[in-house]
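**Q** Okay, sequence plus prediction incoming.
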Amino acid sequence: MMSKIKKKKLLMYILLYLTIMSLVTVINKTKAAGHSLEIESPSDGMVITNAYRTALNSLEQTAIRFEFEIKNHDHYYALYETWIDGIYDKTLIDSGFNKWIVYFHGVFYYDAQSFLDRYGQGVHTFSLWALHPITVTVGFAEGPGPDDDVLFINGTTYRITEVSVTFTFNPPVVHFVGFWHTDDEGEWRDSILASRDFFESSNAHYLHGYSYTTGHWDDDKPGAIFKNNLSPAEDSNDIDIIMFDSHGGFNLFNKYFILCPDGVLGDKHLTGDELKNAINNAHLDSATIILAIDTCYSGAIANSFYDANIIILTACTSNETSLLSGNPSDYDSSWTLAEKIYQMSSALFFHALIQGLYHQQSLYDTFSNIHYWAYYHDPAYPDNPNYYDYDNPLGGGSNHEEVKMHPVSLNLDATTGGIIFFIQE
């Protein structure tokens, strides 16, 4: 019979063996668990709403951050790929990754405007694929991902381990639509094109989305553009800016109209009521819609929009004519933004409006300066807003005491108009 001492020794050996085997099992499990993928940013369900083009302060996002980890013990993963909405995206690839990397921490910043241009607003999926050759057997085990697809790259067969997150990209975006009048004397395009370039410049505060400008249109075209092009591009966080630089007047029924350049008679005139119906029928979702009109008698359009939740900005009252500087209209895409704004000579009101916004004033402050002060178009100081405290507001010509323009606004106050469109240049 076995002695008590031998029994105790045997029991100790058995316990020691079990302890060692347990440690081996734990080590193997820990080692195997090292083969994993993890996406840290964006987090699943994240909503990105503040990816502005230029930050007002350092706390605001100007880019989308993609961050992930790859644990690659035993050289399990040979390479990786990144996908957005099922589209292979090399922007988020580090070419230095190889199978000898044990721990890889990838951090990539995607320019917000580039992301918007390529993928748009809405819900997106970011997927990380780690690829390992199926011929590798040392330490081989399936990763945590559900995908077991096989991929062939340059004659090598890889098995895919995949993890994905779904996030929403929904920052405020500015959409711009502009119409100008074209007649035999030349194009009134400089104010519209320069305004578009201002809102889409590299120092604009907001990302820019849909844009459309034309000098050839009839009374039906604005509505078609709003409904078929603008509406699908915008959502509730956005800002829509609609501008008209044209002639204006009244018909026999005392209704205000904007003269369409492709037609002088009959129904080629776009009335205020028709414009309102065109905007309503487009079912625009943007939180802020700004309609700016620089035509004679443009203040009369407020009669059509008094019950609409739209910011209206007009060059003058319903019984005033809008003013031109007398300088020829001009525009060159190669000019600096400051020069383009200086050359906005066809419309004094739009010139003053964009000039104020260019100097980092809010929309409300800009309009208040134009409305209560005189604006003098001084060629000697193209980069400065030149406001003079005269009794008559916006004036033009060499003797700006001769003429008067009283810009009109609707639904504009310090809250609705507290928007800053430009930071600095």
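**A** That came through fine. Fair warning: this is a prediction, and the values are worked out from it, not measured in the lab.
**Q** residues near the closest residue in space to residue 318 that isn't next to it in sequence, how many?
**A** Closest residue to residue 318 apart from its sequence neighbours, by CB to CB, 6 or more residues apart in numbering: residue 300 at 3.6 Å. C-beta coordinates here come from the backbone N, C-alpha and C atoms, glycine included. Neighbour count for residue 300, taken as other CB atoms under 10 Å: 24.
**Q** After the lowest-mean-pLDDT helix or strand in the chain, which helix or strand is next?
**A** Lowest mean confidence among the helices and strands of the chain (mean pLDDT, DSSP states H and E): strand 387-388, at a mean of 40. Next in sequence after strand 387-388, counting helices and strands by DSSP states H and E, comes strand 408-410.
**Q** Please name the strands paired to that next one in the sheet, noting orientation.
**A** According to DSSP bridges, strand 408-410 forms sheet pairs with strand 311-314 (antiparallel).
**Q** after the partner strand, next one along is what?
**A** helix 337-342.
**Q** Could you pull out the buried residues of that next one?
**A** 337, 340, 341, 342 (16 or more other CB atoms under 10 Å).
**Q** So what's the predicted local confidence for the last one?
**A** The confidence metric pLDDT takes the value 78 at residue 342.
**Q** Just confirm residue 172 contacts residue 48, I think it does.
**A** No: with contact defined as CB atoms under 8 Å, residue 172 does not count as touching residue 48 (11.3 Å).
**Q** Which stretches in the stretch 201-350 of the chain count as helices?
**A** 221-225, 231-233, 272-282, 302-305, 337-342, 348-358 (DSSP state H, counting those that start in this stretch).
**Q** hang on, the earlier thing: can you read off the pLDDT for the residue nearest to residue 318?
**A** 94.
**Q** right, and it touches residue 254 too?
**A** No: look at residue 300 against residue 254 with CB under 8 Å: they stay out of range, at 9.2 Å.
**Q** Any idea how many residues pack against residue 235?
**A** So residue 235, with other CB under 10 Å, has 17 neighbours.
**Q** let me redo that: residue 416
**A** 16.
**Q** again, but for residue 161
**A** Neighbours around residue 161, by other CB under 10 Å: 25.
**Q** just checking, it is part of a strand?
**A** Yes: according to DSSP: H, G, I helix; E, B strand; the rest coil, residue 161 belongs to a strand.
**Q** just to revisit the earlier point, which residues does the residue nearest to residue 318 contact?
**A** 250, 256, 272, 318 (CB atoms under 8 Å, 6 or more residues apart in numbering).
**Q** so where is the stretch 101-250 of the chain shaky, pLDDT-wise?
**A** Counting by pLDDT under 70, the stretch 101-250 of the chain shows low-confidence ranges at 135-149, 151-152, 183-187.
**Q** Can you tell me the number of residues neighbouring residue 168?
**A** Residue 168: 14 neighbours (other CB under 10 Å).
**Q** if we can go back for a sec, higher neighbour count, residue 172 and residue 48?
**A** Remark: of residue 172 and residue 48, residue 172 carries more neighbours, 22 against 18, as counted by other CB under 10 Å.
**Q** any idea how this structure splits into domains?
**A** Using automatic domain parsing, the domain parsing of the chain gives 34-169, 173-410.
**Q** Run a quick neighbour tally on residue 413.
**A** 10.
**Q** what about residue 65, helix or strand, and which?
**A** Element membership for residue 65, per DSSP H and E: strand 63-71.
**Q** Could you give the average pLDDT over that strand?
**A** Average pLDDT, strand 63-71: 93.
**Q** picking that back up, ranking the contacts of residue 300 by neighbours, who comes first?
**A** residue 256 (26 neighbours).
**Q** Tell me how far the closest residue in space to it that isn't next to it in sequence lies from residue 416.
**A** Spatial nearest neighbour of residue 256, excluding adjacent residues (CB to CB, 6+ apart): residue 300 at 3.7 Å. Remark: distance between residue 300 and residue 416 (CB to CB, to the nearest Å) = 22 Å.
**Q** same check, this time on residue 168
**A** 26 Å.
**Q** which residues are contacting stretch 82-94?
**A** By CB under 8 Å, 6+ apart, stretch 82-94 touches 66, 80-81, 104, 106, 108, 110, 119, 124-129.
**Q** If we use 10 Å, what do you get?
**A** Residues from elsewhere that reach stretch 82-94, judged by CB atoms under 10 Å, 6 or more residues apart in numbering: 39, 66, 68, 79-81, 101, 104-111, 114-115, 118-120, 122-129, 162, 164, 166.
**Q** Distance from that stretch to the middle of the chain?
**A** Distance of stretch 82-94 from its chain centroid, counting by CA atoms, centre = their mean, to the nearest Å, is 21 Å.
**Q** For that stretch, measure first residue to last.
**A** End-to-end span of stretch 82-94 (CA to CA, to the nearest Å): 10 Å.
**Q** Check which residues of it are buried.
**A** 82, 83, 84, 89, 92.
**Q** Now intersect those residues with the strands, please.
**A** 82, 83, 84 (DSSP state E).
**Q** want to throw those residues into JSON lines with pLDDT and distance to residue 193?
**A** Output for these, formatted as JSON lines (pLDDT from 0 to 100; distance: CB to CB, whole Å):
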{"residue": "82", "pLDDT": "95", "distance to residue 193": "38"}
{"residue": "83", "pLDDT": "95", "distance to residue 193": "38"}
{"residue": "84", "pLDDT": "97", "distance to residue 193": "33"}
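**Q** any chance of those in CSV, with distance to residue 210 too?
**A** Output for those, formatted as CSV (distance: CB to CB, whole Å):
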residue, distance to residue 210
82, 28
83, 26
84, 21
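**Q** closest to residue 203 among those?
**A** Closest approach between these and residue 203, by CB to CB: residue 84, at 27.3 Å.
**Q** what about the helices in the stretch 51-200 of the chain?
**A** Using DSSP H, counting those that start in this stretch, helices in the stretch 51-200 of the chain cover 112-119, 190-199.
**Q** could you list every residue that touches the closest residue to residue 268 other than its chain neighbours?
**A** Computed as CB to CB, 6+ apart, the closest residue to residue 268 that is not its neighbour in sequence is residue 260, at 4.7 Å. By CB under 10 Å, 6+ apart, the contact set of residue 260 is 179, 181-182, 216-222, 246-247, 267-270.
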